[in-house]
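Requesting a structural model of the entry that follows:
(chains A and B)
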Amino acid sequence: EDKVVQSPLSLVVHEGDTVTLNCSYEVTNFRSLLWYKQEKKAPTFLFMLTSSGIEKKSGRLSSILDKKELFSILNITATQTGDSAVYLCAPSHGQNFVFGPGTRLSVLP
Amino acid sequence: DAGVIQSPRHEVTEMGQEVTLRCKPISGHDYLFWYRQTMMRGLELLIYFNNNVPIDDSGMPEDRFSAKMPNASFSTLKIQPSEPRDSAVYFCASSFSLNYGYTFGSGTRLTVV
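All right, here's what the predicted structure looks like:
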């Protein structure tokens, strides 16, 4: 059965801190992994990772995938209160994606 | 582009009633997905379509749930009869290709009392 584990499940930091969110997975027919940010409503797309070891960056966010060890990390540097959200990872399983439970990040001013 | 459009935004209904949720995907996106999100179970895939054809409906909870996509710009998710345990946020998402990420709609918050 497919399994996606995200850690920590919840995290509280102060503005300016750097955080690392973890996602480990066991899925069949893996091809890629997605990261999403969910604030109050719909998840919004952050990254798609398909190759091991190649870091993707977008501003203060970056992510990398390790297909051998079956995990991905999402880094956020110099956190801001606007980064407060649930961060979801979703490895592909065949033709669709399986979402993890998410990490709830709270950034305090 | 207006993005993925879902309606209604909120729905409150009594147990036993029929509920219909609607979705308009992004134009040109060949894939459409229906997800359900609850605190207990997170985001769960219910069904997805490719070129209006249902591909995988293994996530549909039971026969009370049905989904259709009569054309490339419209899909419905119907629950008949609804039950309190169906209360959740239902998201529709679309994608250009399975090699790209999904774009989610704003969701429909369903409450069955």
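
What sits closest to residue A:100 if chain neighbours are left out?
Nearest residue to residue A:100, sequence neighbours excluded (C-beta to C-beta, 6 or more residues apart in numbering or on different chains): residue A:4, at 3.7 Å. Every residue, glycine included, has its C-beta placed from N, CA and C.

ok, that neighbour - contacts?
A:23, A:24, A:25, A:26, A:27, A:89, A:90, A:91, A:98, A:99, A:100, A:101 (C-beta atoms under 8 Å, 6 or more residues apart in numbering or on different chains).

Restricted to strands, list those.
Mapping the contacts of residue A:4 onto strands (DSSP state E) picks out A:23, A:24, A:25, A:26, A:89, A:90, A:91.

Tell me how far the closest residue to the first one other than its chain neighbours lies from residue A:42.
Leaving aside its chain neighbours, residue A:23 sits nearest to residue A:89 (3.5 Å; criterion: C-beta to C-beta, 6+ apart). Relative to residue A:42, residue A:89 is positioned 16 Å away (criterion: C-beta to C-beta, to the nearest Å).

re the thing from before, quick one: which of the contacts of residue A:4 has the most company?
Among these, residue A:89 has the most neighbours (other C-beta atoms under 10 Å in any protein chain shown), with 32 neighbours.

Stretch A:50-58 spans what distance, first to last residue?
Distance between the two ends of stretch A:50-58: 16 Å, counting by C-alpha to C-alpha, to the nearest Å.

Tell me the secondary structure at the residue of chain B most remote from its centre.
The centre of chain B is farthest from one residue, residue B:99, which by C-alpha atoms, centre = their mean lies 20.7 Å away. On the three-state scheme (DSSP: H, G, I helix; E, B strand; the rest coil), residue B:99 is labelled coil.

Tell me how far it lies from chain A.
7 Å (C-beta to the nearest C-beta, to the nearest Å).

Give me the spatial nearest neighbour of that residue, chain neighbours excluded.
Nearest residue to residue B:99, sequence neighbours excluded (C-beta to C-beta, 6+ apart): residue A:32, at 7.3 Å.

Pull the contacting residues for that neighbour.
Contact analysis of residue A:32 by C-beta under 8 Å, 6+ apart lists A:48, A:49, A:50, A:91, A:92, B:99.

Give me every residue in chain B lying close to chain A.
Residues of chain B lying close to chain A by C-beta under 8 Å from any C-beta of the partner chain are B:33, B:35, B:42-45, B:48, B:55-56, B:91, B:98-107.

go again using 7 Å as the cut-off
B:33, B:42-43, B:45, B:48, B:55-56, B:91, B:98, B:100-101, B:103-107 (C-beta under 7 Å from any C-beta of the partner chain).
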